[in-house]
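A.B. asks: here's my sequence, what's the structure:
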Amino acid sequence: GGNMPTIEGLKPFALLGRYNAVELWPALNLILPTWFLLAFAPRWKHVPRLTLIGPLFCAALYTLAAVSLMFLGNGASSNEIDMSTLEGIVKLFSDPSWVFVGWVHYIVYDALIGRWIVTDLVERAGDTRGMVFHLCVMVPILILSLMIGPTGWLSYMAIVRPFLLPTAKTKTKTS
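C.D. replies: Sure, this is the predicted structure:
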């Protein structure tokens, strides 16, 4: 693509065919079917397995990109990365290749939180909550999970989960 944006300082990822973050960015859209299934087919029997495909793909992409930067590239090496201080994180994320790796980290975990929320809801509520509840309550919580993951999880834990029945597993643990 002749009109691909350029970002100064991007490094190629050795374990990803030497593609850089801009070139790999469109592949992150493979997370979207996970969100679609969670929002619009939460009780379909194949959702628990199919909603792992996007996170697994992106987790592999994340791992290969991070290892490429830490051990095989010209990014900050593993002994130069300081995640124990805010200054170290700011320094790490001053590198656009690490910003990409960080973004992949976010989208994987946000999708896994959304998946956990829906799995928990289906397990606890079964068919007792209808589509109106799902569209009016759960889809907004999933949107929060997609955009600002911890807030979506907190909303589910504070607003929805207290009103759901314990699972059969929970009942046997407490009895």
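A.B. asks: in three-state terms, label the closest residue to V47 other than its chain neighbours for me.
C.D. replies: Closest residue in space to V47, ignoring its immediate chain neighbours: L37 at 5.2 Å, by Cβ to Cβ, 6 or more residues apart in numbering. C-beta: built from backbone N, CA, C; applies to glycine. The three-state label given to L37 by DSSP: H, G, I helix; E, B strand; the rest coil is helix.
A.B. asks: now for L37, how many residues are close by?
C.D. replies: L37 is flanked by 21 other residues according to other Cβ atoms under 10 Å.
A.B. asks: same check on A21?
C.D. replies: 22.
A.B. asks: ok, now which ones touch it?
C.D. replies: 7, 10, 13, 65, 96-97, 99-100 (Cβ atoms under 8 Å, 6 or more residues apart in numbering).
A.B. asks: can you tell me which of those residues end up in helices?
C.D. replies: 65, 96-97, 99-100 (DSSP state H).
A.B. asks: picking that back up, could I get the contacts of A21 as a markdown table with distance to P140?
C.D. replies: Converted to a markdown table, the contacts of A21 look like this (distance: Cβ to Cβ, whole Å):
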| residue | distance to P140 |
| --- | --- |
| I7 | 33 |
| L10 | 35 |
| F13 | 36 |
| A65 | 32 |
| P96 | 32 |
| S97 | 34 |
| V99 | 28 |
| F100 | 28 |
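A.B. asks: which one of those sits closest to E80?
C.D. replies: S97 (13.8 Å; Cβ to Cβ).
A.B. asks: the residue lying closest to that closest one once chain neighbours are set aside: neighbour count?
C.D. replies: Distance criterion Cβ to Cβ, 6+ apart; nearest residue to S97, sequence neighbours excluded, is K11 at 4.5 Å. Each residue near K11 was counted by other Cβ under 10 Å, and the total is 19.
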